[in-house]
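> got a predicted model here, sequence first, then my questions.
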Amino acid sequence: MDTISWWGMLGLGAFHGINPGMGWLFAVALGMQEKRRSAVIGALFPMALGHAISIGVVVLVFALAQQQISKNVLGIACAVILFGFGLYKLFRARHPKWVGMRVNFKDLTIWSFLMASAHGAGLMLAPLLLRMPVAAAHSGHTHHASETMTDSTAVLLSAIGVHTLSFFVVTGIVAIVVYEVVGLALLRKAWFNLDLLWSIALMIAGVVTVGMLFWGH
Amino acid sequence: MLQQWKPDPTFYPSPKMAIEAPAEEVAYVAAPRDDGKPDAMCVVDLNTASDTYGQIVHKLELGVRDEIHHFGWNACSAALCPYAPHPYIERRYLVVPALRGSSIYILDVKEDPKAPKLIKTLDANEVESRSGYTRPHTVHCGPEGIYVSALASAGSEEGPGGIFLMDHYNFNILGQWEVERGPQSLSYDFWWHLGYDIAVTSEWGTPAMIENGVSLEDLGERKFGHKIHIWDIRHRKNIQTLDLGEDYQMILELRPAHDPTKAYGFVNAVLNMNDLSSSIWTWYKDGDDWGIQKIIDIPAQVPENPDDLPPALKDIGMIPTLVTDHILSLDDRFLYVSCWGTGEMLQYDVSDPFNPKHTGTLEIGGITKSHPHPAAGPVSGGPQMVELSRDGKRLYFTNSLYVAWDNQFYPDNANGWMVKADVNVEDGGLELDPDFFVDFGESRAHQIRLQGGDSSSDTFCYP
């Protein structure tokens, strides 16, 4: 992966983190319900874990697909899925029907996983994943297979780690600042439709993916 | 449909913020009838700068003998709840069930708030076959959809009644809500403590017990509801039943504290069979369990002239209090209690939910009394469905309970009216606005909903 991809992973982590629907709002609500800041902070860890799992699943599927199909086909498939999903979300507003405020670590992890997955958080990383090292099985250099596999696994894990860390830091800062300083009046004024922006981001990611295939590198 | 860029401006994260909302300019009032003409949704102009202030400016006719009763919004502040946020949905549609007819009407108020349009009708067959229930009643907008309670099982006049869910985007009925009903069979109102994952349901009677007038025989046998049920919302499971005792008949309107961190609420028991008094009870979280305690008794009254009593009450010789509705202000401070029989609207300071203080009384109508309104002279009927503006300053109420029951308790004249009282929110106290009297003529007047939300339309997930 090149520098752009690493910064992309970081930036998208921040973009996901700033979305109230991905975590910080729930953390703030739990803090307010229990009237203690530690409830806000405690919620951030399972949220980051759930987010990482959701991203991880997409990365895993992508890595496996990369070994089986050519980069061009994979790229076009990603582009179509991204653009289609974005378009779908643009015109059909839906939200996960999670129920419940009394949540433990496991609940919050699952919730975060569901929210990230339903919003296509992992999918949005597709253009960056396309720039990842191609796994050995596809490269033909069979004698280096295990080494290359280990390398690419490490890269993938680092990518998930960077993204998640960025998500965690941003969602955490927003949660604490809103809980301690700003208050929820912010929601009424500043909560512009990130879902809508998100849909557009997905569609742009689709277009970028295609662009990279034809004019990339 | 493209989505909105900003949250609906009528959504507020907390009740504290909702109190700051602008004043309502329109009221929607359910107007059932008993004369063979269609029920209607009436629009009352509440814009004080308008030439038609305090008048009915529009009527949207619905079905004949529908018994349009309670209704609610497709979406409200619960859309901001953190676990399923969808703030870009619009508070735009009124979901209006027909309590007798069992159809559900969807009215669009966006284009012209003073002239709602009927955009969809779910007929009784569709409601019954998809929900498993009939006689739909209370509507609440929840974080994951629209919840509707119903009095009975589809195709029957009997229980169990319950709750069903509707999709808040396309109004499809998604089916029965309960997974484990436990001992619950009678149904009426429901609301919840979203901060605790708890719902509460109350008990009235089955259609067979109410639709031909209140069945005095069933009352005598203590067959009406006398319990409330506590539910685990996440598992849709009845976890506890609180019995007020069978002498307390008809447990109706549930008013949980608006602050989601407070785990208590108020419910009215219409009749104490021993003395025809009414009472208000507080339910509360008690460790892992829930408890309930009576906090207010409101005695029945002796009529000046017993001959004036309607036939249903002649043998009894008393005016039953008949507390049939109440409303809690958004700051959880004042509770307003409608005494439909004795013609009083009472105000209590319930800051301490176990030690209410009586802070105000207003008289209008009442059985044998007909206390006058300054703008209309003596009126028939009594304070019934009551609604409060979000800032807590304007109290609106109407006089019809249920068409067949109006005819029993106010047989001479059950014509509908709506009045307004101004509230002293600092020290307590309330007085009738002498100029505000909306005459519904031969139509009845039941639930009021205020434009943009009121004190029983929204649920808040943040304190």
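Perfect, I can see it now.

> in the stretch 301-450 of chain B, what residue lies closest to chain A?
Relative to chain A, the nearest point of the stretch 301-450 of chain B is residue B:390 (14.1 Å; C-beta to the nearest C-beta). (Each C-beta comes from the backbone N, C-alpha and C, glycine too.)

> next SSE downstream of the helix or strand of chain A with the lowest mean pLDDT?
Of all helical and strand segments in chain A, the minimum by mean pLDDT, DSSP states H and E falls on helix A:136-139, at a mean of 43. Sequence order places helix A:145-177 as the next helix or strand after helix A:136-139, per DSSP states H and E.

> look at the residue of the stretch 301-450 of chain B closest to chain A and tell me its secondary structure.
Under DSSP: H, G, I helix; E, B strand; the rest coil, residue B:390 falls in the coil class.

> that one and residue B:16 touch, don't they?
No. Applying C-beta atoms under 8 Å, one finds residue B:390 not in contact with residue B:16, separated by 10.7 Å.

> give me the common contacts of those two.
Common contact partners of residue B:390 and residue B:16 (C-beta atoms under 8 Å, 6 or more residues apart in numbering or on different chains): residue B:330.

> any low-confidence regions in chain A?
Chain A contains residues with pLDDT under 70 at A:1, A:133-149, A:216-217.

> that should have said chain B, apologies.
Filtered on pLDDT under 70, chain B yields the residue ranges B:1-2.

> go with 80
Low-confidence segments of chain B (pLDDT under 80): B:1-4.

> tell me where it has helices.
In chain B, the helices defined using DSSP state H lie at B:15-19, B:124-131, B:207-210, B:216-220, B:311-314, B:403-409.

> mind checking how far residue B:325 is from residue B:446?
Applying C-beta to C-beta, to the nearest Å, the value for residue B:325 to residue B:446 is 10 Å.

> residue B:317 touches residue B:305, doesn't it?
No. With contact defined as C-beta under 8 Å, residue B:317 does not count as touching residue B:305 (11.0 Å).

> who has more neighbours out of the two?
Neighbour count, other C-beta atoms under 10 Å in any protein chain shown: between residue B:317 and residue B:305, residue B:317 has more, with 11 against 7.

> and the more buried one, its phi and psi?
The phi/psi pair for residue B:317 (degrees, to the nearest 10) reads phi 80, psi 10.

> residues touching residue B:424, list them.
Residue B:424 is in contact with B:360, B:430, counting by C-beta under 8 Å, 6+ apart.

> kindly recompute the last result at 10 Å.
Shown in contact with residue B:424 (C-beta atoms under 10 Å, 6 or more residues apart in numbering or on different chains): B:334, B:347, B:359, B:360, B:393, B:430, B:431.

> equivalent analysis for residue B:409, please.
Residue B:409 neighbours (C-beta under 10 Å, 6+ apart): B:213-214, B:309-310, B:312-313, B:319-320, B:322, B:340-341, B:367, B:380-382, B:401.

> now swap in residue B:190 and tell me
Counting by C-beta under 10 Å, 6+ apart, residue B:190 touches B:137-138, B:140, B:147-149, B:162-163, B:177, B:199-202, B:228-229, B:231, B:254.

> list the buried residues for stretch B:343-355?
Neighbour-count burial for stretch B:343-355 flags B:343, B:344, B:345, B:346, B:347, B:348, B:349, B:350, B:353 (criterion: 16 or more other C-beta atoms under 10 Å in any protein chain shown).

> repeat that for stretch B:127-135.
Neighbour counts over stretch B:127-135 (16+ other C-beta under 10 Å) mark B:127, B:128, B:130, B:131, B:132, B:133, B:134, B:135 as buried.

> how much space between residue B:151 and residue B:342?
Going from residue B:151 to residue B:342 by C-beta to C-beta gives 27 Å.

> okay, the two: which has more neighbours?
Comparing residue B:151 with residue B:342 by other C-beta under 10 Å, the one with more neighbours is residue B:151, at 29 against 26.

> tally of neighbours for the nearest residue to residue B:235 once chain neighbours are set aside?
Nearest residue to residue B:235, sequence neighbours excluded (C-beta to C-beta, 6 or more residues apart in numbering or on different chains): residue B:179, at 6.6 Å. Neighbours of residue B:179 under the rule other C-beta under 10 Å: 11.

> correct me, but residue B:179 touches residue B:236?
Yes. Between residue B:179 and residue B:236 a contact is recorded at 4.1 Å, counting by C-beta atoms under 10 Å.

> can you tell me which residues contact residue B:455?
By C-beta under 10 Å, 6+ apart, the contact set of residue B:455 is B:15, B:18-19, B:255, B:258, B:327-331, B:334, B:336, B:386-392, B:395.

> whoops, I mixed them up, residue B:357
By C-beta under 10 Å, 6+ apart, the contact set of residue B:357 is B:347, B:348, B:349, B:350, B:351, B:428.

> can we see that at 7 Å?
Counting by C-beta atoms under 7 Å, 6 or more residues apart in numbering or on different chains, residue B:357 makes contact with B:348, B:349.

> and residue A:202, how far from residue B:166?
29 Å.

> likewise residue B:396?
Counting by C-beta to C-beta - residue B:396 and residue B:166 are separated by 27 Å.

> what does chain A put close to chain B?
Residues of chain A lying close to chain B (C-beta under 7 Å from any C-beta of the partner chain) are A:20-21, A:25-26, A:29, A:32-33, A:91, A:93, A:95-102, A:111, A:184-185, A:187-188, A:191-193, A:195-196.

> the residues you listed in helices, which ones?
Of those, the ones assigned to helices by DSSP H are A:25, A:26, A:29, A:32, A:33, A:91, A:111, A:185, A:187, A:188, A:195, A:196.

> hang on, the earlier thing: of the contacts of residue B:424, which is the most crowded?
Highest neighbour count within these: residue B:334, with 26 neighbours (other C-beta under 10 Å).

> for that one, give the beta-bridge partners.
Beta-bridge partners of residue B:334, counted by DSSP bridges, are residue B:349.

> what's the answer for the one 10 residues further on, then?
In this structure, residue B:344 has the following beta-bridge partners (DSSP bridges): residue B:339, residue B:363.

> if we can go back for a sec, so for residue B:390 and residue B:16, which residue has more residues nearby?
Comparing residue B:390 with residue B:16 by neighbour count (other C-beta under 10 Å), the higher total belongs to residue B:390, at 26 against 17.

> quick one: buried ones out of the contacts of residue B:409?
Here, 16+ other C-beta under 10 Å leaves B:213-214, B:309, B:312-313, B:319-320, B:322, B:340-341, B:367, B:380-382, B:401 buried among those.

> so which of these comes closest to residue B:122?
Residue B:122 has its nearest neighbour among the buried ones among the contacts of residue B:409 in residue B:401, at 25.3 Å by C-beta to C-beta.

> quick check: the closest one touching residue B:382?
No. Residue B:401 lies out of contact with residue B:382 (C-beta atoms under 7 Å); the separation is 8.9 Å.

> overlap in contacts, the two.
Residues touching both residue B:401 and residue B:382 (C-beta under 7 Å, 6+ apart): residue B:340.

> nearest spatial neighbour of the residue nearest to the spatial centre of chain A, chain-adjacent residues omitted?
The centroid of chain A falls nearest to residue A:121 when counting by C-alpha atoms, centre = their mean (3.6 Å). Once flanking residues are discounted, residue A:121 sits nearest to residue A:16: 5.3 Å by C-beta to C-beta, 6+ apart.

> what's whichever helix or strand the one you found is part of packed up against?
Using DSSP H and E, residue A:16 falls within helix A:3-18. Applying 3 or more C-beta pairs under 7 Å, 6 or more residues apart in numbering or on different chains; DSSP states H and E, one finds that helix A:3-18 contacts helix A:126-129, helix A:145-177.

> show the end-to-end separation of stretch B:163-175, please.
Using C-alpha to C-alpha, to the nearest Å, the end-to-end distance of stretch B:163-175 comes to 9 Å.

> revised request: answer the last question for stretch B:22-42.
Terminal-residue distance, stretch B:22-42 (C-alpha to C-alpha): 22 Å.
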